[in-house]
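**Q** compute the structure for the input listed below.
(one chain, ligands or ions: 1)
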Amino acid sequence: MSLVVIGSVAFDGIETPFGKVDKIIGGSGTYISFSSSYFTKSVKLVGVVGDDFPQEKIDLLNRHGVSTEGLQIKAGQKSFFWQGKYHLDLNSRDTLVTELNVLADFDPIIPESYQDCEYLILGNLTPVIQQTVINRLRKRPKLIVMDTMNFWMEVAMDDLRQTLKMVDVLSVNDEEARQLSGEYSLVKAAKKIHEMGPKYLIIKKGEHGALLFHNNEIFFAPALPLEDVFDPTGAGDTFAGGFIGYLAKTGDISFENMKTALIYGSAMASICVTKFGPDALESLTQDQINERIQEFVDLVQFEISLP
Ligand code: AMP
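**A** Sure thing, here's the model as predicted:
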């Protein structure tokens, strides 16, 4: 079933304790598209790049079945650029540079062929642009998932509140959930965030897994303990792409199925972090994904007999 993805399509400069790259492709829309393409062959990307963005990467997205009809290419302009440096523990990072470039006056275009989409994922972008995409779809999709970051809570909280009222699932990390709700307890934070709009809330906790909240129900998906994490950039977007990709593939948006989707999202994220940028997502096989899923099953499956 068709899935529309909106997000940044970007160049990133990344420094981790394992290496440094000055300029590779990245962006929330890129990671979500690659990740979800392993689940549904009807991924449709909305975004904007400058004419400095490599055509071969757009071709690669197309070979993954991702439609780029909604990806605008602005002649004579530069693509969005983000630069970050990770701390030793890889769980936190500093943003060193954010150059909006083409994103500064991005006006999303929704091609006619995107209009019938049943699933929509709003990757990290200004909340106003996220709202614009919802408003420009003639029919409300069956499920709208939204990602955001602390930056928008600081500079556009009113707009963010409006967008939150329009979505079904919010995906944020633990720090962002606390900032958004003003609550330290994640259970209290989830209650407050439900009141802001999203019926489902995903709280990502990096190497400590992810929680899914729905009313009074909670589900926990672990993160796979990995020997080497090279670059966590895009892990959250890759997670979200696997999550919604699996839901779009199965067409089932029940809480039960979301639990499985959370495991698929976690598996995709655990693959993403093993290489710099989206490299690890570019040529995966179904067997590799299945093997990773099996590792998650083995990690948490146990038998217990109660006295
Ligand atoms: P994540 O590691 O999942 O938070 O995603 C990292 C990606 O987000 C990078 O590839 C960046 O290009 C992109 N990014 C960083 N800041 C922003 C922003 N303010 N708006 C849109 N995309 C961003």
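**Q** state the distance from the nearest residue to Pro141 once chain neighbours are set aside to the ligand.
**A** Distance criterion C-beta to C-beta, 6 or more residues apart in numbering; nearest residue to Pro141, sequence neighbours excluded, is Leu120 at 4.3 Å. Every residue, glycine included, has its C-beta placed from N, CA and C. Distance, Leu120 to the ligand, by C-beta to the nearest ligand atom, to the nearest Å: 17 Å.
**Q** now Gln115
**A** 24 Å.
**Q** likewise for Ile110?
**A** Ile110 is 19 Å from the ligand, by C-beta to the nearest ligand atom.
**Q** quick check, stretch 131-145 touching the ligand?
**A** No. On the criterion C-beta under 6 Å from any ligand atom, stretch 131-145 is out of touch with the ligand, staying 13.8 Å away.
**Q** list the buried residues in that stretch.
**A** By 16 or more other C-beta atoms under 10 Å, the buried positions in stretch 131-145 come out as 131-134, 137, 141, 143-145.
**Q** next, give me the two most distant ones among those.
**A** Thr132 and Leu143 (18.8 Å; C-beta to C-beta).
**Q** before we move on, back to that, redo the buried residues of stretch 131-145 as CSV? Include pLDDT and secondary structure.
**A** As requested, the buried residues of stretch 131-145 are exported to CSV (pLDDT from 0 to 100; DSSP: H, G, I helix; E, B strand; the rest coil):
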residue, pLDDT, secondary structure
Gln131, 97, helix
Thr132, 97, helix
Val133, 98, helix
Ile134, 98, helix
Leu137, 97, coil
Pro141, 98, coil
Leu143, 98, strand
Ile144, 98, strand
Val145, 98, strand
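**Q** strand partners (parallel or antiparallel) of the helix or strand hosting the residue nearest to Pro141?
**A** Assignment of secondary structure by DSSP states H and E places Leu120 within strand 119-122. According to DSSP bridges, strand 119-122 has the following sheet partners: strand 3-6 (parallel), strand 143-147 (parallel).
**Q** how far does whichever helix or strand comes after the longest one sit from the chain's center?
**A** Right, strand 143-147. Following strand 143-147 in sequence order, the next helix or strand is helix 150-155 (DSSP H and E). Offset of helix 150-155 from its chain centre (C-alpha atoms, centre = their mean, to the nearest Å): 17 Å.
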